[in-house]
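[1] fold the following, please.
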Amino acid sequence: MTRVTIQDLRAARYCLAGVRPWFRRHGLDWQAFLDGGIEAEALRATGDALVEPVIRKAEARETVAQEADNGR
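    Numbers count the residues shown, from 1 in each chain. So this is what the prediction gives:
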């Protein structure tokens, strides 16, 4: 499962000042997200299309990490 992190929000160039209230509106724990990320499916469950660019960044990051691990 893909885990979205703060790194992915930054890579998608999202405004963190706007994302924090978005988390609150959707009943998601901002501090827990900062501490360990959030599953992509939890973001998709909000039904907000704005999560897709961030999830794509997370998937790309995970793909690069997996390829690096496989190259060892």
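
[2] need the helices for the protein, in chain order.
    6-11, 16-25, 30-36, 40-44, 51-70 (DSSP state H).

[3] OK, contacts around the residue most central in space within the chain?
    For the chain, the residue nearest the mean C-alpha position is Val4 (2.6 Å; CA atoms, centre = their mean). Applying CB atoms under 8 Å, 6 or more residues apart in numbering, we find Val4 in contact with 33, 37-40, 43, 54-55, 58. (Glycine included, C-beta is placed from N, CA and C.)

[4] ok, and the closest non-adjacent residue to Ala11?
    Lys57 (4.4 Å; CB to CB, 6 or more residues apart in numbering).

[5] and the pLDDT for that neighbour?
    Lys57 is assigned a pLDDT of 98 by the prediction.

[6] give me every residue that touches it.
    Lys57 neighbours (CB under 8 Å, 6+ apart): 8, 11-12.

[7] check Asp69 and give its pLDDT.
    88.

[8] swap in Val64?
    For Val64, the model assigns a pLDDT of 94.
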